[in-house]
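**Q** pasted the sequence and its predicted model underneath.
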Amino acid sequence: MSGVHAYRAALAHCTRHPRSAADAGMLEIIDDGLLVVEAGHVTAVGNAADLLPTLAPDASIADWRGKIIVPGFVDTHVHAAQLDVIASPGTDLLDWLERFTFPAEAAFADADHAALIAELFLNELLKNGTTSALVWPTVHPQSAQALFAAAHQRNLRLITGKVLMDRNCPENLRDTAETGARDSADLIARWHGKGRLGYAITPRFALTSSAAQLRSAGELLSAHPGVFMQTHLAENPAEIVAVMAAFPQARSYLDVYERFGLLRASSVFAHCIHLDAQDRARLLLPRATVAHCPTSNLFLGSGLMDLRGMLDQGQSVALASDVGGGTSFSMLATMAAAYQVAQLRGGWTPSVASLLYLATLAGARAMAAEDSIGSFAPGKEADFVVLDPAATSLIARRCELARSVNEKLFVLMTLGDDRAVNATYVMGEAARGISQLPPDSISKSLR
Ligand code: GUN
Ligand code: ZN
């Protein structure tokens with residue numbers, strides 16, 4: 001799509017990182033805004049009245065008035081291979097893994113299945129307005145390959161890596177320290193840095209990797225600067241007991257990862273519910289991110305993460321769906337759950353600014369892409385979502401009573417899901433593979 005394209009709507013985006021949980025000063029809202037895009041990048045953002053007169057005569061203007069445009073959502077922890085596992089009732093994490101998740105993941109030995117699920121998974125992300133993600137395939141290299149290929153075709157910003165797991169799981173889901181390292185290195189060479197893609201070394205969790213495999217994961221990270229690391233940490237009490245039994249010499253769960261060189265600036269740790277003060281302090285590395293997975297933590301009964309305490313400590317935290325432990329691909333639903341978990345913990349009620357930040361700019365930082373995505377700063381890639389304050393009869397009625405765009409956003413976060421997403425744009429183009437609603441009109445500026 002060549003030329004200049006402008007999008008007129010209410011605009012909302014977070015302009016910087018908050019200093020504490022109470023810091024709400026980073027949300028910019030423009031009631032009648034214009035987002036101007038050229039060659040896939042934002043070139044201007046501001047009031048429509050100011051910017052319309054500056055557009056070239058052949059610029060197109062999509063009229064989305066009445067809607068709210070926000071940056072594309074970033075999901076910092078989601079399992080593509082668990083598309084068919086969502087809504088499976090395990091009694092807790094380990095039971096759920098054994099009874100539902102491992103059997104479903106075994107099917108990804110079949111490359112055709114992996115390719116089909118990769119497409120269906122990306123459709124779900126895009127229907128929900130998620131344009132960037134840190135994604136989990138399975139232990140099978142072909143499942144990572146399928147995700148990379150499908151994301152590349154749609155020009156998505158996506159980080160993934162084949163899962164490493166060589167013990168405490170079914171035989172047909174095991175690699176070895178050697179094959180895991182070799183397959184990871186092959187995939188890094190093929191995909192890391194290609195287009196908008198990145199590679200993450202992906203040890204499932206301390207329980208399913210031998211010391212030899214965790215050591216080789218740390219060595220891989222050292223050998224490939226710029227590559228990410230993603231894993232699970234301190235999600236469930238029974239899991240933690242099992243990890244400590246598997247690594248009796250470690251002081252704590254996080255210490256296992258640290259011993260093997262996996263606590264790094266580019267590491268993303270999902271869950272982080274049951275951490276002591278020492279581990280909380282060790283996690284405060286610049287760019288080491290906690291992926292907060294509130295729907296999953298509720299669904300699996302894992303616990304209520306201390307989001308407020310982490311933000312006040314300066315911890316980098318971002319939101320994640322954690323499907324299939326999580327119950328929705330929607331980052332709106334995930335924001336609602338984060339809000340509810342904070343309410344249950346008490347003492348702090350998250351603002352719209354905090355929640356939108358966690359679902360956009362915070363995730364951009366986790367992906368080392370805050371210069372490229374997460375807000376509408378000119379020069380950034382034009383990934384954005386059109387939200388509809390009249391998406392359902394109930395949302396429409398409630399939003400009609402709202403006095404501000406901020407309040408409408410809160411309604412959308414509380415009641416919304418994929419039905420509230422009218423359109424998803426990836427680098428200035430309507431996302432491929434899904435059907436989208438059109439704007440009210442597209443006109444030429446004809447200035
Ligand atoms: N810990 C290890 N594997 C998993 C997984 O697939 N989902 C969740 N929620 N936790 C895990
Ligand atoms: Zn997970």
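**A** Structure received. Ligands and ions are numbered 1, 2, ... in the order given.
**Q** switch to C-alpha atoms for all contacts and neighbour counts from now on
**A** OK.
**Q** so the single nearest residue of the chain relative to ligand 1 is in which element?
**A** Closest approach between the chain and ligand 1, counting by CA to the nearest ligand atom: residue 325, at 4.9 Å. Using DSSP states H and E, residue 325 sits within no helix or strand.
**Q** ok, and the closest non-adjacent residue to it?
**A** Nearest non-adjacent residue to residue 325, counting by CA to CA, 6 or more residues apart in numbering: residue 296, 4.7 Å away.
**Q** how about that neighbour, secondary structure?
**A** Under DSSP: H, G, I helix; E, B strand; the rest coil, residue 296 falls in the helix class.
**Q** show me the residues around it that make contact.
**A** By CA atoms under 8 Å, 6 or more residues apart in numbering, the contact set of residue 296 is 302, 321-327.
**Q** same thing but 10 Å
**A** With contacts defined as CA atoms under 10 Å, 6 or more residues apart in numbering, the neighbours of residue 296 are 86, 93, 235, 271, 302-303, 320-328, 334, 337.
**Q** for residue 159, same thing?
**A** Applying CA under 10 Å, 6+ apart, the residues near residue 159 are 76-77, 132-136, 144, 147-148, 151, 191-193, 196-201, 227-230, 367.
**Q** mind checking how far it is from residue 196?
**A** 9 Å (CA to CA, to the nearest Å).
**Q** got any residues that touch both of those two?
**A** 132, 148, 151.
**Q** show me the contacts of residue 296 that map onto strands.
**A** residue 271 (DSSP state E).
**Q** which parts of the stretch 201-350 of the chain are strands?
**A** 228-233, 267-271, 289-292, 316-319 (DSSP state E, counting those that start in this stretch).
**Q** correction: the stretch 51-200 of the chain
**A** 60-71, 73-79, 130-136, 157-160, 163-164, 197-203.
**Q** which residues of the stretch 101-250 of the chain lie near ligand 1?
**A** 204-205, 232 (CA under 6 Å from any ligand atom).
**Q** contacts only, for the residue lying closest to residue 242 once chain neighbours are set aside.
**A** Leaving out its chain neighbours, the residue that sits closest to residue 242 by CA to CA, 6+ apart is residue 207, at 7.0 Å. If you count contacts by CA under 10 Å, 6+ apart, residue 207 has them with 165-169, 232, 239-240, 242-247, 253.
**Q** at 7 Å what do you get?
**A** 168, 242-243, 246 (CA atoms under 7 Å, 6 or more residues apart in numbering).
**Q** which residues are contacting stretch 322-334?
**A** Stretch 322-334 is contacted by residues 73, 77-79, 82-83, 85-87, 124-125, 128, 293-296, 299-300, 321, 359, 412-414, 416-418 when judged by CA under 7 Å, 6+ apart.
**Q** as PDB, could you dump the C-alpha coordinates of that stretch?
**A** Taking C-alpha atoms only, stretch 322-334 is exported to PDB below (Å, rounded to 0.1, in the frame of the first residue of the first chain):
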ATOM      1  CA  ASP A 322      -0.700 -17.900  28.400                       C
ATOM      2  CA  VAL A 323      -3.300 -19.700  26.300                       C
ATOM      3  CA  GLY A 324      -4.000 -22.700  26.800                       C
ATOM      4  CA  GLY A 325      -3.600 -22.300  30.600                       C
ATOM      5  CA  GLY A 326      -5.000 -18.900  30.000                       C
ATOM      6  CA  THR A 327      -8.700 -18.600  29.000                       C
ATOM      7  CA  SER A 328      -8.700 -16.000  26.300                       C
ATOM      8  CA  PHE A 329      -6.600 -14.800  23.400                       C
ATOM      9  CA  SER A 330      -8.000 -11.300  24.000                       C
ATOM     10  CA  MET A 331      -5.600  -8.900  25.700                       C
ATOM     11  CA  LEU A 332      -8.800  -6.900  26.700                       C
ATOM     12  CA  ALA A 333      -9.900  -9.900  28.700                       C
ATOM     13  CA  THR A 334      -6.400 -10.300  30.000                       C
END
